[in-house]
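Student: next input, structure requested:
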Amino acid sequence: METIKRTKIVDLLKREDFGTMVNVKGWVRTRRGSKQVNFIALNDGSTINNIQIVVDLDRFDEALLKEITTGACLSVNGELTESVGSGQKAEIQAREMEVLGTCDNSYPLQKKGHTMEFLREIAHLRPRTNTFGAVFRIRHNMAIAIHTFFHQKGFFYFHTPIITASDCEGAGQMFQVTTKNLYDLKKDENGSIIYDDDFFGKQASLTVSGQLEGELAATALGAIYTFGPTFRAENSNTPRHLAEFWMVEPEVAFADLHELMDLEEEFIKFCVQWALDHCMDDLEFLNKMFDKGLIERLRQVTSTEFVRLPYTEGIQILEEAVAKGHKFEFPVYWGCDLASEHERYLVEEHFRKPVIMIDYPKEIKAFYMKQNADGKTVQGTDVLFPQIGEIIGGSVREENYDKLMARITELHIPMKDMWWYLDTRKYGTCPHAGFGLGFERLLLFVTGMANIRDVIPFPRTPRNAEF
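Tutor: This next block holds a predicted model:
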């Protein structure tokens, strides 16, 4: 075959220099046609759209044509011509073809509908489907949007450790990291494991959050964000939980509650607008195939002001709903931790717009949140979204050393590993605030997918660590 520089399909479909010889490489999605002419839909992952290759059968050897099956990888030299049908401006009249990789009929992605469950079983191949191509291109774009937003605002990207000896959330659901021989563990007289001979000389785990280290950075650099993998060993088999997921955690010195809420709202709107500006082909596909209201919902979020709702008022609204006969699975009372059904009722049925809930009872929130003057509530902020419930959890942090220490003592949090965190309150403490956004939760919202396992390439969930 003559050597012609490859052009990506996303670029070819925009070109109008018809008559030019081009080279395209990609995978066969479909092949159809008559005895004289075949039409091959070729996709190379650069766009959801295929380019049509028009093959005059007389020009090509029968043995070669036999190898062009669904899933086969081709290199095609041909003439870029104006497309008569196919809904696209450009197609390619094939002049030379080479099969780079054959694909026999055991290929699981033959042309028919597949369930999401089935595709999870072949997660190594699912990026080749239209759906997952779209999801993973949007995932990339959302990562770019996050970095762009914070960079433009003068935040610094700060890398917090993935291996840690502190449990930020006090949740205790951490994956342990060890080099010890698990068949032969040294124990002391109380039966506790001795970590002296382990790699770090102490018990270490995968991080549940970069927040505490992020606070250290914010009290030096002013405004930072982390964006990296996070691990929770909770046995949650729900469509909203993963054991390995990505978190975005900004932390800002000198920010108060209102500035924090403004940042949360501006950030989410920026990301959603980015998707509308840069991913429309993929969004249109997902809107058509999965979620007819997707694009409308995204536009609505960018154009509406989020409600700012004190927890106590939220509980009153939910109690009134119950009094009027609305059935919730979980009980509603002041002091309860809201379930996803409660959050979604407020967002989808009562206000019909995103809600930022504030001033939670201190009992249901983390030790580091700043206490309000009432002594009962803290300055936490949860951003609640349609379809998914909580998408962001944040707070103003308690900057007063004595108050923070009192809360830590009250909750019996082991502080031997946390002395460094308390130092920020001893040496030049300052007001600061931040939030955490589960990246996959954002992707659920932006793609309209129903299950969080379908917005990350290789989901890690209880009893599942394939590929």
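
Student: what's near enough to touch the residue lying farthest from the centre of the chain?
Tutor: Most distant from the centre of the chain: Asp58, at 48.8 Å, with distances by Cα atoms, centre = their mean. Shown in contact with Asp58 (Cβ atoms under 8 Å, 6 or more residues apart in numbering): Gln36. For glycine as for every other residue, the C-beta is placed from the backbone atoms N, C-alpha and C.

Student: where exactly do the helices run in the stretch 1-150 of the chain?
Tutor: 9-12, 62-66, 116-121, 130-152 (DSSP state H, counting those that start in this stretch).

Student: need the ones you listed in JSON lines (columns: mean neighbour count).
Tutor: JSON lines is the format used below for the helices of the stretch 1-150 of the chain (neighbours: other Cβ atoms under 10 Å):
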{"stretch": "helix 9-12", "mean neighbour count": "19"}
{"stretch": "helix 62-66", "mean neighbour count": "10"}
{"stretch": "helix 116-121", "mean neighbour count": "14"}
{"stretch": "helix 130-152", "mean neighbour count": "18"}
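
Student: would you list those helices in JSON lines and tack on mean pLDDT and distance to Tyr421?
Tutor: Output for these, formatted as JSON lines (pLDDT from 0 to 100; distance: least, Cβ to Cβ, whole Å):
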{"stretch": "helix 9-12", "mean pLDDT": "96", "distance to Tyr421": "47"}
{"stretch": "helix 62-66", "mean pLDDT": "95", "distance to Tyr421": "66"}
{"stretch": "helix 116-121", "mean pLDDT": "95", "distance to Tyr421": "39"}
{"stretch": "helix 130-152", "mean pLDDT": "98", "distance to Tyr421": "23"}
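
Student: got these as TSV, with distance to Lys292 columns?
Tutor: Output for those, formatted as TSV (distance: least, Cβ to Cβ, whole Å):
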stretch	distance to Lys292
helix 9-12	26
helix 62-66	40
helix 116-121	17
helix 130-152	15
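
Student: of those, which is nearest Asp188?
Tutor: helix 116-121 (43.6 Å; Cβ to Cβ).

Student: tell me how far that closest one lies from the chain's centre.
Tutor: With Cα atoms, centre = their mean, to the nearest Å as the basis, helix 116-121 stands 19 Å off its chain's centre.

Student: the nearest residue to Lys186 once chain neighbours are set aside: what's it in contact with?
Tutor: Using Cβ to Cβ, 6 or more residues apart in numbering and skipping residues adjacent in sequence, the residue nearest Lys186 is Ile194, 4.5 Å away. Applying Cβ under 8 Å, 6+ apart, we find Ile194 in contact with Lys186, Lys187, Asp188.

Student: hmm, Ile193 and the second one touching each other?
Tutor: Yes. The criterion here is Cβ atoms under 8 Å, and Lys187 meets it with Ile193 at 5.7 Å.

Student: before we move on, the earlier item: gap between the residue farthest from the centre of the chain and Asn451?
Tutor: Computed as Cβ to Cβ, to the nearest Å, the Asp58 to Asn451 distance reads 48 Å.

Student: okay, the residue farthest from the centre of the chain: pLDDT?
Tutor: Listed pLDDT for Asp58 reads 95.

Student: same check on Ser166?
Tutor: 68.

Student: check the one 3 residues further on too.
Tutor: According to the prediction, Glu169 has pLDDT 49.

Student: ok, the one 4 residues further on next?
Tutor: With respect to pLDDT, Gln173 scores 85.

Student: ditto for the one 5 residues further on
Tutor: As predicted, Thr178 sits at a pLDDT of 94.

Student: quick revisit: any idea how far the residue farthest from the centre of the chain is from Pro457?
Tutor: From Asp58 to Pro457 the distance is 43 Å (Cβ to Cβ).

Student: pull up the distance across stretch 324-338, start to finish.
Tutor: 19 Å (Cα to Cα, to the nearest Å).

Student: packing partners of the helix or strand where Glu296 lies?
Tutor: Using DSSP states H and E, Glu296 sits in helix 294-303. Contact analysis of helix 294-303 by 3 or more Cβ pairs under 8 Å, 6 or more residues apart in numbering; DSSP states H and E lists helix 257-278, helix 280-289 as its packing neighbours.

Student: mind listing the strands for the stretch 51-200 of the chain?
Tutor: 51-56, 73-82, 90-101, 156-157, 163-164, 176-177 (DSSP state E, counting those that start in this stretch).

Student: any idea which of those gets closest to Lys269?
Tutor: Comparing the strands of the stretch 51-200 of the chain under Cβ to Cβ, the one sitting nearest is strand 156-157, at 20.8 Å.

Student: the closest one packs against which elements?
Tutor: helix 130-152, strand 223-231.

Student: neighbours of Gly436, how many?
Tutor: When neighbours are defined as other Cβ atoms under 10 Å, Gly436 has 22 of them.
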